[in-house]
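Trainee: Mind looking at a prediction? Sequence and model below.
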Amino acid sequence: MPNDKPLVQIWTDGACSGNPGPGGWGAILRFGRHEKELSGASADTTNNRMELTACIEALATLKKPCHVTLTTDSQYVANGINKGWAKSWKSRGWVKADKTPALNPDLWERLLQLTETHEVEILWVRGHAGHPENERCDSLAVRAMRHEA
């Protein structure tokens, strides 16, 4: 791990009531002993858009390039980055291998930009399985969603 970039841990989650419907997202950023919670909502969205938005908003908060461990319970996000799906979709003009349009190209574009600014390692955890930070992110997302609804 490079010594020249700060190590930041991020946990994210998204929630949606109906799909589409009102949604919320939550994120926790941890740098050493410092911690910050973020959340937000949208009146008409999807769960996947909220999962992506949580990652984007958390990474966009960082003021300089960092080495980031980002933990999500979204296989869509984890696979989109780790398996190179998003880069492939972009290279084909936001078209998937099966020739159908890739969803959420606006958010994937922004997330790809942020993963070029920061060294991002995406880790996947099972949602609602007792992971403390994931449960906190879920609470932040649900609270933001309920406030929006």
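Mentor: Happy to help now that I have it. Computed from a predicted model, the values in this text were never measured in an experiment.

Trainee: got a pLDDT number for the residue nearest the centre of the chain?
Mentor: The chain has Cys55 as the residue nearest its centroid, 2.5 Å off, counting by Cα atoms, centre = their mean. The model reports Cys55 with a pLDDT of 98.

Trainee: Check the burial of Gly45 by counting its neighbours.
Mentor: Rather than Gly, residue 45 is Thr. Using other Cβ atoms under 10 Å, Thr45 has 22 other residues around it. C-beta: built from backbone N, CA, C; applies to glycine.

Trainee: Phi first, then psi, for it.
Mentor: When quoted as degrees, to the nearest 10, the phi and psi of Thr45 stand at phi -150, psi -170.

Trainee: One more: Gly32?
Mentor: phi 60, psi -120.

Trainee: which residue ranges form the strands in this protein?
Mentor: For the chain, the strands defined by DSSP state E cover 7-16, 21-31, 34-45, 67-72, 119-124.

Trainee: any idea how far the third one is from the chain center?
Mentor: Translated: strand 34-45. Relative to the chain's own centre, strand 34-45 is displaced by 11 Å; criterion: Cα atoms, centre = their mean, to the nearest Å.

Trainee: ok so, going back, hmm, the residue nearest to the centre of the chain is touching Tyr76, no?
Mentor: No - with contact defined as Cβ atoms under 8 Å, Cys55 does not reach Tyr76; the gap is 10.6 Å.
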